[in-house]
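Enquirer: got a sequence here, can you model it:
(2 chains)
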Amino acid sequence: MKIATWNVNSVKARLPHVLSWLESAKPDVVCLQEIKCQTEDFPALEIKALGYHVEAHGQRSYNGVALLSREEPKDVLRGLAGDETDVQSRYIEATFSGVRVASIYLPNGNPVDTDKYPYKLGWMKRLAVRAKELLESEQPVVLAGDYNICPTDDDVYDPVGWAGDALCLPASRAAFRTILNYGYTEAYRALHKEPHRYSFWDYQAGRWHKDEGLRIDHLLLSPQAADRLVACEIDKGPRALEKASDHTPVWCEIGPAQSLEINEAPPPSGGFI
DNA sequence: ATGGTAGCCTTGCTA
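Expert: Residues are numbered from 1 along each chain as shown, chains lettered A, B, ... in the order given. Down below sits the predicted model:
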């Protein structure tokens, strides 16, 4: 089961890239972020024509998340609990083949001396509560999305220059580690040790061509999902295209559920002599 | 060199 996350920076502007990537990469589930349209304006017809179900949670102009899937989603949940006053569309969750999958667009948090940063940390606290609830369900869970967090300096092209940014501040990284410490596995880092592999390159200052990026798009796996993790890759292809999003897809492959049965050898025969 | 790019349905905001 191939599960991908991709911040598309407007699903309408990126529709041709999304369609061609679905056809070439053949993911089973795609978590989209920054669809930047209201739910009813999501270009679902074109995507459904490729055999995908669509569940969107949008808003006007900003944010917005969606789940695309080969299989029909079950138990779709829109929005992150814990703050009834929060009107930003940043969270959607559903079950596919027994795997609970969330598409997450975590707040950016900049500038850090405004109310945007406390909003980010508060949102992460609510996400941690939900992550813990899901863990206690003991099902395979994949929390995928644009976390707007560089987990370590190895995930930043210029750690010194970015040290005071909301994506790199110690409090941001600590909030991210809180979720990992509950028992989630960050799929890319579990399988790849090499530093400076990125999922986002700013449009400005030729960052893509200089490979000066950030790794901020992550897939967090519960133990029941991590036990089945067989691959995780960053697909840089879509970022190289004309009219690209500033993010590129990251995907993981979850293998079939393992049987608990153990093929034991017959018990030793014979006895005391 | 204090810039630069992209998308919104705006003429500034967000990233």
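Enquirer: what residues does the stretch 51-200 of chain A put near DNA strand B?
Expert: By the rule Cβ under 7 Å from any atom of the strand, the part of the stretch 51-200 of chain A lying against DNA strand B is A:60-63, A:107-108, A:110, A:116. (Glycine included, C-beta is placed from N, CA and C.)
Enquirer: switch to 6 Å and redo it
Expert: Residues of the stretch 51-200 of chain A lying near DNA strand B by Cβ under 6 Å from any atom of the strand: A:60-62, A:107-108, A:116.
Enquirer: are we agreed that A:A131 is in a helix?
Expert: Yes - using DSSP: H, G, I helix; E, B strand; the rest coil, the assignment for A:A131 is a helix.
Enquirer: now do the same contact list for A:N63.
Expert: The contact partners of A:N63, by Cβ atoms under 8 Å, 6 or more residues apart in numbering, come to A:33-34, A:36, A:88-90, A:105.
Enquirer: which SSE is it in?
Expert: Using DSSP states H and E, A:N63 sits within no helix or strand.
Enquirer: how much space separates it from A:D153?
Expert: Taking Cβ to Cβ, to the nearest Å as the measure, A:N63 falls 28 Å from A:D153.
Enquirer: likewise A:V250?
Expert: 19 Å.
Enquirer: between these two, which has more neighbouring residues?
Expert: A:V250 (27 against 15; other Cβ atoms under 10 Å).
Enquirer: give me the low-pLDDT residue ranges for chain A?
Expert: By pLDDT under 70, the low-scoring segments of chain A are A:264, A:266-273.
Enquirer: can you give me the strands in it?
Expert: A:2-7, A:29-33, A:53-57, A:65-69, A:74-78, A:91-96, A:99-105, A:141-146, A:185-186, A:217-221, A:229-234, A:250-254 (DSSP state E).
Enquirer: give me the number of residues near the closest residue to A:L241 other than its chain neighbours?
Expert: Of all residues not flanking A:L241 in the chain, A:H17 sits nearest, at 6.0 Å (Cβ to Cβ, 6 or more residues apart in numbering). By the criterion of other Cβ under 10 Å, A:H17 has 21 neighbours.
Enquirer: A:H17 and A:A240 touch, don't they?
Expert: No - look at A:H17 against A:A240 with Cβ atoms under 8 Å: they stay out of range, at 10.7 Å.
Enquirer: what about the residues of the stretch 51-200 of chain A next to DNA strand B, which one has the most neighbours?
Expert: Most crowded among those, counting by other Cβ under 10 Å, is A:P107 at 22 neighbours.
Enquirer: got the contact list for that residue?
Expert: A:88, A:90, A:116, A:119-120, A:123, A:148.
Enquirer: thinking again about what came up before, minimum distance to A:G164: which of the strands of chain A has it?
Expert: For A:G164, the closest of the strands of chain A is strand A:141-146, at 20.4 Å, according to Cβ to Cβ.
Enquirer: of the contacts of A:P107, closest to DNA strand B?
Expert: Lowest distance from DNA strand B to the contacts of A:P107 (Cβ to the nearest atom of the strand) belongs to A:K116, with 5.9 Å.
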